[in-house]
Each structure stands twice: as structure tokens, then as C-alpha cells.
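Participant: Need coordinates for the following:
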Amino acid sequence: MNTSKILKIYLFISGLILTVIGTLTTFNPVNIKANEGIEIAGNSSALNDVRSFGMLLLATALLLFLGSFKSSLRKSASILSFLLFLSLGIGRSLSIILDGAPSDGMIKATGLELILGITGLILFISNSKKQTF
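Facilitator: Now for the predicted structure:
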């Protein structure tokens, strides 16, 4: 299987993951955060912040889905994907170092984000060298 096809699959699966997380974060932020021990109920500023992040994930998911089908958007989607996942993973890792260990779910999210970010970066580099976007 060539790297271009793998990249399309990666973008599609990443888009699915972001759609689920973005939808839950946008439309059910209190329960999503409560699952990790974070109480935001009744705090309109926290809810605003969480919902806006959820919409960012949904917008990113849309571009990743489009990039998985439309070659003209694939390179942009690839860059956005690995940057988003690596930023989240590195940010969470930094927080673990500076602030201490969060809930198990947050640690698992950190691992997944780093894996998806590194995978996306490898696919981006490999497709850039072959120019097979």
C-alpha cells in the first residue's frame, strides 16, 4: 500500500476521531469534563472556552475529511493534522511535567495525540519527498 493511500486513511480516521471528540466537547461539555474530574458546570467562562475548543476540533475534522478525498486539500490537511495532534500531545506532556499527573483518561489522550501527531508527521514527510499528495 503506498503512502498516499495510507495518508488518505490516516486523514479520514483522524477526522472521525476529531468529529466524535469535537461533537461531545461542543454539545456535552459538562459531562465530558466531569469524566476527567474537571467541574465546569455553571461556569459560563469555562463552558465558553470548552465549547469553542470543541468547534475548533469540528472545523479541523472537516478539513481532514475533505483532505482525505480531495487531493488539492491533502497537503494542508496533513500539516494541520500533525500540528494539531503534536501540539495537544506536547502541551499535555509539558503539563504533566510542570503540574503533575492528570487522570488516566488524560494520560491516554496524551499518548494517542502523540502517536497520531508523529504518524501524521511521518506521512507528511514521506509524501512530501515523493510529492504524492
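Participant: what secondary structure does the residue of the chain most remote from its centre sit in?
Facilitator: Within the chain, the residue lying farthest from the chain centre (Cα atoms, centre = their mean) is residue 42, at 26.6 Å. Using DSSP: H, G, I helix; E, B strand; the rest coil, the structure places residue 42 in coil.
Participant: quick one: contacts for the spatially most central residue of the chain?
Facilitator: Centroid-nearest residue in the chain, with Cα atoms, centre = their mean: residue 85, separated by 4.6 Å. Applying Cβ atoms under 8 Å, 6 or more residues apart in numbering, we find residue 85 in contact with 14, 113, 114, 116, 117, 120. Where C-beta positions appear, they are placed from N, C-alpha and C, glycine not excepted.
Participant: so which of the residues you listed comes closest to residue 51?
Facilitator: Residue 51 lies nearest to residue 113 out of the contacts of residue 85, by Cβ to Cβ, at 20.1 Å.
Participant: Please read off the pLDDT at the residue nearest to the centre of the chain from the model.
Facilitator: pLDDT recorded at residue 85 is 98.
Participant: mind checking which helix or strand it is in?
Facilitator: Using DSSP states H and E, residue 85 sits within helix 71-99.
Participant: in that helix, what counts as buried?
Facilitator: Neighbour-count burial for helix 71-99, counted by 16 or more other Cβ atoms under 10 Å, picks out 73-75, 77-78, 80-82, 84-86, 88-89, 92.
Participant: I'd like those residues as JSON lines, with distance to residue 26 appended.
Facilitator: Putting the buried residues of helix 71-99 into JSON lines (distance: Cβ to Cβ, whole Å) gives the following:
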{"residue": "73", "distance to residue 26": "23"}
{"residue": "74", "distance to residue 26": "26"}
{"residue": "75", "distance to residue 26": "27"}
{"residue": "77", "distance to residue 26": "21"}
{"residue": "78", "distance to residue 26": "24"}
{"residue": "80", "distance to residue 26": "18"}
{"residue": "81", "distance to residue 26": "19"}
{"residue": "82", "distance to residue 26": "23"}
{"residue": "84", "distance to residue 26": "16"}
{"residue": "85", "distance to residue 26": "19"}
{"residue": "86", "distance to residue 26": "23"}
{"residue": "88", "distance to residue 26": "16"}
{"residue": "89", "distance to residue 26": "21"}
{"residue": "92", "distance to residue 26": "20"}
